[in-house]
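# need a structure here:
(one chain, ligands or ions: 1)
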Amino acid sequence: MNREVNNYGEVVACDFCNFGEETYGGVMIGSYAVCGKCCDDRGYYKDENSSDVDEVFDTSKTFRDNVLEYREKTYGTRDAIQIITSW
Ligand SMILES: [Zn+2]
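Numbers count the residues shown, from 1 in each chain. Sure thing, here's the model as predicted:
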């Protein structure tokens, strides 16, 4: 079994548009982080109570800050860590 760990550090990118770091707010949908702009475009804030949106970020903070805080709270680190396990 091979276990490959990639640590991308404090890299933040929207899972929809790959940018969005400096936008405000954002949401988490499952394991996808969606930036403020994509949320505005798709109307996710209005869907706050729908089952699709797991967490709505603070719109007074940047998407970047929100994602880093979310990681710290959820995974105990601000780094983006990808673990690939193969057999
Ligand atoms: Zn986006």
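# and the helix or strand harbouring Cys38, does that touch the ion?
Element membership for Cys38 (DSSP states H and E) is helix 36-42. Yes: on the criterion Cβ under 5 Å from the ion, helix 36-42 is in touch with the ion at Cys38. From N, CA and C alone the C-beta is placed, and that goes for glycine too.
# give me the phi and psi for the residue nearest to Gly30 when sequence neighbours are not counted.
Among residues not flanking Gly30 along the chain, Asp54 sits closest, at 6.5 Å (Cβ to Cβ, 6 or more residues apart in numbering). Phi and psi for Asp54, reported as degrees, to the nearest 10, are phi -90, psi -30.
# same check on Val5?
Main-chain torsions, Val5, degrees, to the nearest 10: phi -110, psi 120.
# pull the contacting residues for Ser86.
Met1, Asn2, Glu4 (Cβ atoms under 8 Å, 6 or more residues apart in numbering).
# kindly recompute the last result at 10 Å.
Met1, Asn2, Arg3, Glu4 (Cβ atoms under 10 Å, 6 or more residues apart in numbering).
# bridging residues for the spatially most central residue of the chain?
Nearest residue to the geometric centre of the chain (Cα atoms, centre = their mean): Ala33, 2.6 Å. Ala33 has these beta-bridge partners by DSSP bridges: Met28.
# buried stuff in the helix ranked longest in the chain?
Using DSSP state H, we find that the single longest helix of the chain is helix 63-75. Residues of helix 63-75 classed as buried: Phe63, Arg64, Asp65, Asn66, Val67, Leu68, Tyr70, Arg71 (neighbour count, 16 or more other Cβ atoms under 10 Å).
# for the residues you listed, which one is nearest the ion?
Nearest to the ion among those: Phe63, at 7.9 Å, using Cβ to the ion.
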